[in-house]
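Chemist: Provided below are the primary sequence and the corresponding predicted coordinates.
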Amino acid sequence: MLDNKLDLPCNISSSDDYLIFLTLYNQRMIKLIDVYRLKEQVHLESDYDLFHDMVRQLDADVKRMFNGAVSERIDFADSLQCIGIMSGLNSCSAEDVQRAHARGLKVSLFGVFNAEDAENAISKSPDFIITDDIRATQDLLN
């Protein structure tokens, strides 16, 4: 998962300049993915719909996930042709994951810091878990 925080850089003062920044940012991101042949491994994540539109126009095969609470982002992710939603562990229920899966969307959960969090995340059946405690999460999965 590659989280794309696209807050306005401090040296950009106009919307035209920001659009130029986003265009260059996305072009270079796609180029890096292509050069290193990472389309199957990388999932670009953002909560910014313009980012998703731009990436999709540059290369529709790049995997993208929309960031936010699953229950609130299913329609966004679907309309932007994302493969899924990245959500905080505490912003997602097992039912939310089931609803996303029913719509053909994957779910990635972050905010998994210890074995208790990992157990909670696993119980929700997400497709991906982003964790600080890899060993504990692996032990629980095995």
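Modeler: Noted; the coordinates are in hand.
Chemist: so residue 51 is in which element?
Modeler: Here residue 51 sits within helix 49-58, counting by DSSP states H and E.
Chemist: In three-state terms, label residue 110 for me.
Modeler: strand (DSSP: H, G, I helix; E, B strand; the rest coil).
Chemist: Mind jotting down where the strands sit in the protein?
Modeler: Along the chain, the stretches classed as strands by DSSP state E are 2-3, 43-46, 63-67, 84-88, 106-112, 128-131.
Chemist: Please identify the most buried of those.
Modeler: strand 84-88 (a mean of 26; mean count of other C-beta atoms under 10 Å). Backbone N, C-alpha and C define where each C-beta goes, glycine included.
Chemist: who touches it?
Modeler: With contact meaning C-beta atoms under 8 Å, 6 or more residues apart in numbering, strand 84-88 is reached by 1, 3, 43, 45, 65-70, 73-74, 77, 96, 100, 105-111, 127, 130.
Chemist: got a list of what the residue lying closest to residue 93 once chain neighbours are set aside touches?
Modeler: Leaving aside its sequence neighbours, residue 93 sits nearest to residue 124 (C-beta to C-beta, 6 or more residues apart in numbering; 6.8 Å). Shown in contact with residue 124 (C-beta under 8 Å, 6+ apart): 92, 93, 94, 96, 97, 107, 109.
Chemist: Quick one: buried ones out of those?
Modeler: Among the contacts of residue 124, those buried by neighbour count (16 or more other C-beta atoms under 10 Å) are 92, 96, 97, 107, 109.
Chemist: Model confidence for residue 60, exactly?
Modeler: Looking at residue 60, its pLDDT is 95.
Chemist: so what's it up against?
Modeler: By C-beta under 8 Å, 6+ apart, the neighbours of residue 60 are residue 81.
Chemist: I appreciate the help and will end here.
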